[in-house]
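Q: how does the following fold in three dimensions:
(one chain, ligands or ions: 2)
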Amino acid sequence: MSEMLDRAFSPAMLGALPLKNRILKAATYEGKSPGGVPGDELARFHREIVAGGVAMTTIGFCTTEADGRINDQMMWLHEGVREPLTRMIAELKALAPGVKVSGQISHCGNFSKIRKMQRLKRPLGPSRGFNMLGAASGAPFAGAMTLADIDYLVKTYADAATFMKAVGFDAAEIHFGHGYGLSQFISPKTNRRTDEYGGSLENRMRLPLRALEAVKSAVGEDFPILGKMNMTDGVRDGVHLPEAIEIASLFDRGGIDALICSGGTSSYNPMVYFRGDSLAQGMLEQQSNPIARLGLKLIGSRMFRDYPYYENYFLEDAKKIRDRVNCQMVYIGGCTELSSLEQVMKEGFDFVQLGRPLIKDPNYVKHAMADPGYKNGCTHCNRCATLIEAPGGIYCPLNR
Ligand SMILES: Cc1cc2nc3c(=O)[nH]c(=O)nc-3n(C[C@H](O)[C@H](O)[C@H](O)COP(=O)(O)O)c2cc1C
Ligand code: SF4
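A: Ligands and ions are numbered 1, 2, ... in the order given. Reported below is the predicted structural model:
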């Protein structure tokens, strides 16, 4: 095995957490929590992943409150899921000794299709606006958070983190990217506030940094906090790399243990983080709501723009952030082939997160350790990503 693959498959510390290798499962919202409760399918999915040799799996898009969900099949971190989540995490650890489990702490902000919310009347973001996702389900408008809403939101992050530690998670990943709640505050495209939470970068970062601080003080130093952020929003008037470097430095100074640098905005330009085949056709096939179908036909080609796939597509930009921070760096984005994994290791990234390569082959690590000629087989067709709301959730159709 090459020196760099050896590095990838050797133990390493994530903050204070020992990991058996440097390969982590990326957060991929699984769509396997019917009614918001983690189900057997979710457990089976992560069982396959941990049995395949990764050091840490990540349960995708666990929201801090019911109204932070994009759809009502998403899990939110609350008492109602304590028992199934505790059981599931314990089972994963028993199955693969030494494996760690992380969860992505998320909030959709103003990007929700839920019409009847629990606490709120309508989804809230930094500023008032049109909620494109909710238009088809009868929730076309989003409101602006008051200062009290912001304080409440920060508390939901702290409570979610406390809950995660209690049910057995080993780490948490705060979602600061992809155009969801905290990302909406960071981006000047979506944050048009004129108070202390809008305008300058310092102001736009106030809420994300408060959320980070609240999470950190809830869980303490021995529980690593990762942050997934955008290097570009992929939209005009949004965040781009020069500002993203400053954003990364602020998270670094705020005490983040590790940064995962991605990009793109789910509501405007998600192909920035997927690359490869457009999601438009697959989403149309999955969609039964006639208004949503019409919307997809009208704006599908503008929303799902052409971003050809190439290996390690975020590497050059991520290196620029790596050079400016002291925290650990987790590479994400198109690390499918072993030569790409070697390159990421050679560039000094501490860890790599894999999304689609592990959906295609949960045994990636075992296979790659046994065979230096290993080929993963993911074609970046992105069909898995069009199945997040399909019955049973995501899978790779190439495997069936
Ligand atoms: C099915 C699917 C679901 C995803 N869900 C999430 C999510 O919940 N949160 C997130 O931050 N990224 C999500 N992503 C993006 C991945 O985490 C990752 O950034 C992207 O797939 C690029 O990595 P890869 O080339 O290793 O797949 C998802 C990706 C896929 C394919
Ligand atoms: S459906 Fe399978 S081959 Fe296509 S992108 Fe997803 S994991 Fe890769």
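
Q: ignoring the adjacent residues along the chain, who's closest to the residue in the stretch 101-250 of the chain that ligand 2 sits nearest to?
A: Minimum separation of the stretch 101-250 of the chain from ligand 2 (C-beta to the nearest ligand atom) falls at residue 178, amounting to 17.2 Å. Any C-beta I mention is one placed from the backbone N, CA and C, and that applies to glycine too. When the adjacent residues along the chain are set aside, residue 178 lies closest to residue 266, with 5.2 Å between them (C-beta to C-beta, 6 or more residues apart in numbering).

Q: and what of residue 295?
A: In space, not counting the residues next to it along the chain, residue 295 is nearest to residue 136; the distance is 6.1 Å by C-beta to C-beta, 6+ apart.

Q: can you give me the strands in the stretch 51-200 of the chain?
A: Assigned by DSSP state E, counting those that start in this stretch, the stretch 51-200 of the chain shows strands spanning 56-63, 100-106, 124-125, 129-130, 141-144, 171-175.

Q: CSV please, covering those and showing mean pLDDT, distance to residue 188 and mean neighbour count.
A: What follows is the strands of the stretch 51-200 of the chain, written out as CSV (pLDDT from 0 to 100; distance: least, C-beta to C-beta, whole Å; neighbours: other C-beta atoms under 10 Å):
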stretch, mean pLDDT, distance to residue 188, mean neighbour count
strand 56-63, 98, 24, 27
strand 100-106, 98, 21, 26
strand 124-125, 96, 13, 26
strand 129-130, 86, 14, 14
strand 141-144, 94, 15, 19
strand 171-175, 98, 19, 26
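
Q: got these as TSV, with distance to ligand 2 columns?
A: Formatted as TSV, the entries for these read as follows, by distance: least, C-beta to the nearest ligand atom, whole Å:
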stretch	distance to ligand 2
strand 56-63	14
strand 100-106	18
strand 124-125	30
strand 129-130	30
strand 141-144	30
strand 171-175	20
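
Q: and residue 277, which of those strands is closest to it?
A: Nearest of those to residue 277, taken as C-beta to C-beta: strand 56-63 at 20.7 Å.

Q: gap between the closest one and the chain center?
A: Between the centre of strand 56-63 and the centre of its host chain there is 7 Å, according to C-alpha atoms, centre = their mean, to the nearest Å.

Q: for stretch 283-299, same thing?
A: For stretch 283-299, the distance between its averaged C-alpha position and the chain's averaged C-alpha position is 24 Å (C-alpha atoms, centre = their mean).

Q: how about the contacts made by the nearest residue to residue 130 once chain neighbours are set aside?
A: On the basis of C-beta to C-beta, 6+ apart, the spatially nearest residue to residue 130 that is not a chain neighbour turns out to be residue 140, at 6.3 Å. Under the criterion of C-beta atoms under 8 Å, 6 or more residues apart in numbering, the contact list for residue 140 reads 130-131, 134.

Q: kindly report the residues of this protein close to ligand 2.
A: Contact residues (C-beta under 6 Å from any ligand atom) of the chain with ligand 2: 356, 359-360, 378-384, 396-398.

Q: what comes up buried for the helix ranked longest in the chain?
A: Using DSSP state H, we find that the single longest helix of the chain is helix 147-167. By neighbour count, with 16 or more other C-beta atoms under 10 Å as the criterion, the buried positions of helix 147-167 are 150, 153-154, 156-165, 167.

Q: could you export the residues you listed as a markdown table, including distance to ligand 1 and pLDDT?
A: Converted to a markdown table, those look like this (distance: C-beta to the nearest ligand atom, whole Å; pLDDT from 0 to 100):
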| residue | distance to ligand 1 | pLDDT |
| --- | --- | --- |
| 150 | 22 | 98 |
| 153 | 18 | 98 |
| 154 | 20 | 98 |
| 156 | 18 | 98 |
| 157 | 16 | 98 |
| 158 | 21 | 98 |
| 159 | 20 | 98 |
| 160 | 15 | 98 |
| 161 | 17 | 98 |
| 162 | 22 | 98 |
| 163 | 18 | 98 |
| 164 | 16 | 98 |
| 165 | 21 | 98 |
| 167 | 19 | 98 |
